[in-house]
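Asks: after the sequence you'll find the predicted model.
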Amino acid sequence: MGKIVSRTSLKQVLKKLRAARKRIVFTNGCFDLIHVGHVRYIKKARQMGDVLILALNSDRSVRQLKGAGRPITSQNDRAEILSALEPVDYVVIFDELMPLELIRQIRPDVLVKGSDYKTSQIVGGDFVQSQGGKVKTVPMVKNRSTKNLVKTVITRYGRR
């Protein structure tokens, strides 16, 4: 089994991780055009436990969240790129707008999001805390975003 897992095979992975008493960290996002902000965020999230499970928004859910022109990179390409990053232990794609059901399935010890979210606004945060887990935020890297990358490309190379 590789790093990219289905929700079904994730259940088996979780059984083994819990039996080994591993501290499970969960984060999620679109990760459309991978940039240094993503990499730093993922590294910091991984430092909060033994295993990092990254839930990746499907193409359909990214379109709903970000608009018709997104994603720029397909879910399969994004999953492969993310799985190649050392701090990422597992990538699972989800189709919902918000990963609440997946968070309930995983029951992470630590739920991580960027500091652009208030802890009280993080989807699944109440559930994780009710299970004895922690909700943490990671500082965002200024001026690093997919939106900024797209603007830079358009500015430098124009719309063709």
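Replies: Yes, it's here.

Asks: how many neighbouring residues does the nearest residue to residue 56 once chain neighbours are set aside have?
Replies: Nearest non-adjacent residue to residue 56, counting by C-beta to C-beta, 6 or more residues apart in numbering: residue 93, 5.0 Å away. C-beta coordinates here come from the backbone N, C-alpha and C atoms, glycine included. Neighbour count for residue 93, taken as other C-beta atoms under 10 Å: 20.

Asks: again with residue 153
Replies: Burial of residue 153 is recorded as 13 neighbouring residues (other C-beta under 10 Å).

Asks: and for residue 31?
Replies: For residue 31, the number of neighbouring residues by other C-beta under 10 Å comes to 25.

Asks: now do the contacts for the residue nearest to residue 56.
Replies: 4, 55, 56, 57, 58, 75, 79 (C-beta atoms under 8 Å, 6 or more residues apart in numbering).

Asks: so where's the chain uncertain?
Replies: For the chain, the stretches with pLDDT under 70 are 1, 159-160.

Asks: let's see it at 80
Replies: Low-confidence regions of the chain, defined here as pLDDT under 80, cover residues 1, 141-154, 159-160.

Asks: beta partners for the spatially most central residue of it?
Replies: Within the chain, one residue has its C-alpha closest to the average C-alpha position: by C-alpha atoms, centre = their mean, that is residue 28, at 2.4 Å. Residue 28 forms beta bridges with residue 55, as assigned by DSSP bridges.

Asks: what sits against residue 136?
Replies: By C-beta under 8 Å, 6+ apart, the neighbours of residue 136 are 48, 110, 111, 112, 119.

Asks: just the closest of these to residue 139, please.
Replies: residue 112 (11.6 Å; C-beta to C-beta).

Asks: and that closest one, how far is that from residue 148?
Replies: In this structure, residue 112 and residue 148 are separated by 22 Å, where distance is defined by C-beta to C-beta, to the nearest Å.
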